Each structure stands twice: as structure tokens, then as C-alpha cells.
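Trainee: Sequence first, then the predicted structure:
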Amino acid sequence: MKNLFDLTGKNAMVVGGAGGLGKLVAQAFAEAGAGVCIASRTEEKLKAACEDLKALTGKEFKYYVMDAGKEEMVEAVAKQANEDFGHIDILVNSQGVNKKFPALEFPMDIFDSVMHDDVASILMTCKHFGRYMKENGYGKIVNVSSVRGKIATKGPGNAAYCAAKGAVDMLTKQLASELGPFGITVNAFGPDIMKTPMMTKVFEMRAAEAGITVDEYLKNQGAGLPMRRLSDPEDCVGTALFLAAPASDFMTGNIIYPDGGRTCIG
Ligand SMILES: NC(=O)c1ccc[n+]([C@@H]2O[C@H](COP(=O)([O-])OP(=O)(O)OC[C@H]3O[C@@H](n4cnc5c(N)ncnc54)[C@H](OP(=O)(O)O)[C@@H]3O)[C@@H](O)[C@H]2O)c1
């Protein structure tokens, strides 16, 4: 039987690969044998992430400065990365933003920008990296969605984020339908709240509102989940590896939830 989780000979692009989740995914893929590159908008963060990843794995990582919301940049980076590596077989979309306002006060320009950064950017990377995967007859696309694509939050704030992640789920399914005939699988996974830079300010604000420390806030938030704690980004890495590896070669158009049980209790 083929080694189900071996990525030897494969190359991966992790968009958002300097971020809290993306960096761990990049590390895991390299440790599974893949050549890995990362991309996002801020060069210093990319450079620092590549240095950290090299120190952790002993492997070289390449980075590309790319705003995934700008199609010319995505097209150019897809071309460059495929030239540099020979073939990019795995694409992870771990970019994303969340801007929170009560629905009745949501500024429409900000709503549009979240939809662009979180949804349109995924179509653009899938389109341009997908064209090369089609030529190669093989590809694995892994989109990072959220439990918020499936269940809303009780309090206000997530109108744009929930709408965006719901759209990511349906975009994943439609891409799976269209790209499957070319040998490309497209799946997504939906984390619950995780302690990454994206959430730091939110945790600080919510803890201050409740008059407790961030640690106490996080403990309280996790207490009601079946697994009795909030997620760490590490909890999602196995799922990302599964969706990128031969183990999932006949799975496409699925959204799976490494969420400690959040979605099973709604
Ligand atoms: N943290 C959570 O609680 C949580 C829960 C569920 C789902 N998620 C999802 O998990 C994914 C990763 O988030 P994270 O928690 O790791 O957040 P993070 O640490 O803020 O990482 C997000 C990364 O995306 C990059 N990015 C944002 N917009 C981009 C764009 N237009 N083009 C290219 N790169 C862009 C950012 O880098 P630059 O700003 O330098 O470009 C950053 O490196 C996101 O899709 C997020 O929605 C997170």
C-alpha cells in the first residue's frame, strides 16, 4: 500500500504561511517530505517564518510576497513558483481576515473587503495554481474555512466572516466538481477559535469586557465544548496533512471540522 501520509516528491504552496496556522501546516508538510513555499503580503513576516521553519526542520523554505486579493500578483506567483519548483502539487489557502461590527452597523466597504480577502482570493489562487495542476494531471487543494461557515455566533460581529466562510464552503464544493475530472481534489477544513495572531485582540477585548484575564476567558470558552478546551492551531495540522496527502485521494468537496466538537453541539 502507498504511504498514505508521505509527501516525498510533492511541492506545496501555503498561502498565509507566515500566519499562526499556516506556518504549522508548512512545517508539517516539510516534515512529511514536501518541498514547501509560503506566500502573503508582508515580506518581514515571510522572511522570519522561513528562518524559523528552517531552524525547526533543517529544510529550506522559499517565500513569495503576494496579495492573494490581487489577481496579477497571484498569476505571477503561480508561474514563478511552478518554474522554481518544477511543479506545485498542493495548494493551501490559509489566508484570511475577520473584521467585526454589529450587523446593523456594518460598513459595506469593510464587508466587501472581507469577502474579497477571504473568498475571492481563494478563487484566484485556485484558478491560477489550478491551471498548472490541470496540466500536471494532479493536485490537492486545501481551503481553510471555519466553524463560522456552518454555525453563527451568539453575539454580534460576525456578519461578514460567517458569510465569507459559508461562501468558502460552497466555493470548495463547486471547485471540487469542476476540477475533479483533472485529477485535482478540493476540500476544506473548519477550525474553531484558535490562539493565533488573528484572534489576539478579540480575546483581549472579550476578557477585558468580562473583567477577567485572557487565560481565564479562554478556559471558560473551552469549558462548554465536548473536548473541554479551546483549540490550538496544532489541533488542525493533522487534518491539513490528511487533505494534502494520498490518504485523501478519493475525497473531494468535503468540509471537515477539527473543532473539539463545537459543530456537533451547534
Ligand atoms: N484563529 C482562529 O480562531 C481561526 C478560526 C477559524 C478559522 N480560521 C482561519 O484560519 C486561517 C488562518 O488564520 P490564522 O488564525 O492563522 O490567522 P493569522 O495568524 O492572522 O494568519 C493569516 C495569514 O493570512 C495572511 N493574509 C491575510 N490576507 C492576505 C491576502 N490578501 N493575501 C495573502 N495573505 C494574506 C496574513 O499575512 P499578511 O497580513 O502579512 O498578508 C497572515 O499571515 C484563516 O483563513 C482564518 O479565517 C482562524
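Mentor: Yep, that arrived.

Trainee: List the buried residues in stretch 137-148.
Mentor: Buried residues in stretch 137-148, counted by 16 or more other CB atoms under 10 Å: 138, 139, 140, 141, 142, 143, 144, 145, 146, 147, 148. Every C-beta, even on glycine, is put in place using the N, C-alpha and C of the backbone.

Trainee: same for the ligand: which of these are within range?
Mentor: The residues of those that also fall near the ligand, by CB under 6 Å from any ligand atom, are 144, 146.

Trainee: Save the buried residues of stretch 137-148 as JSON lines, and put in secondary structure too.
Mentor: Listed next are the buried residues of stretch 137-148 as JSON lines, based on DSSP: H, G, I helix; E, B strand; the rest coil:
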{"residue": "138", "secondary structure": "coil"}
{"residue": "139", "secondary structure": "strand"}
{"residue": "140", "secondary structure": "strand"}
{"residue": "141", "secondary structure": "strand"}
{"residue": "142", "secondary structure": "strand"}
{"residue": "143", "secondary structure": "strand"}
{"residue": "144", "secondary structure": "strand"}
{"residue": "145", "secondary structure": "coil"}
{"residue": "146", "secondary structure": "coil"}
{"residue": "147", "secondary structure": "helix"}
{"residue": "148", "secondary structure": "helix"}
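
Trainee: need the buried residues of stretch 137-148 in CSV with pLDDT, can you?
Mentor: Listed next are the buried residues of stretch 137-148 as CSV, based on pLDDT from 0 to 100:
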residue, pLDDT
138, 98
139, 98
140, 98
141, 99
142, 99
143, 99
144, 98
145, 98
146, 98
147, 98
148, 98
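
Trainee: Stretch 115-124 and the ligand, any residue contact?
Mentor: Yes. Stretch 115-124 is in contact with the ligand by CB under 6 Å from any ligand atom, via 117, 121.

Trainee: residues of stretch 70-89 that come out buried?
Mentor: 71, 73, 74, 75, 77, 78, 81, 82, 85, 87, 88, 89.

Trainee: Let me fix that, I meant to ask about stretch 194-209.
Mentor: 194, 196, 198, 199, 203, 206, 207.

Trainee: Pretty sure the second one sits against residue 233.
Mentor: Spelled out, that is residue 196. Yes. Residue 196 is in contact with residue 233 according to CB atoms under 8 Å; the separation is 5.6 Å.

Trainee: now for the helix or strand of the chain with the lowest mean pLDDT, which elements pack on it?
Mentor: Ranked by mean pLDDT, DSSP states H and E, the weakest helix or strand in the chain is helix 197-210, scoring a mean of 90. On a contact count with 3 or more CB pairs under 8 Å, 6 or more residues apart in numbering; DSSP states H and E, helix 197-210 meets helix 214-223.

Trainee: quick one: the helix it packs on to chain centroid distance?
Mentor: How far helix 214-223 lies from its chain's middle: 24 Å, per CA atoms, centre = their mean, to the nearest Å.

Trainee: Just confirm yes or no for that helix near the ligand.
Mentor: No. Helix 214-223 stays out of contact with the ligand when judged by CB under 6 Å from any ligand atom, the minimum separation being 10.8 Å.

Trainee: With stretch 181-195 instead?
Mentor: Yes. Judged by CB under 6 Å from any ligand atom, stretch 181-195 comes into contact with the ligand at 191, 193, 194.

Trainee: Save those as JSON lines, and put in pLDDT too.
Mentor: Conversion of these to JSON lines gives the following (pLDDT from 0 to 100):
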{"residue": "191", "pLDDT": "98"}
{"residue": "193", "pLDDT": "94"}
{"residue": "194", "pLDDT": "93"}
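
Trainee: Which ones among those lie within helices?
Mentor: Judged by DSSP state H, helices contain none of these.

Trainee: quick one: average pLDDT of the longest helix belonging to the chain?
Mentor: The single longest helix within the chain, with elements called by DSSP H, is helix 159-179. Average pLDDT, helix 159-179: 98.

Trainee: Disregarding residues adjacent in the polypeptide, which is nearest to residue 156?
Mentor: residue 102 (4.0 Å; CB to CB, 6 or more residues apart in numbering).

Trainee: wait, residue 197
Mentor: Closest to residue 197 by CB to CB, 6+ apart is residue 20, at 5.4 Å.
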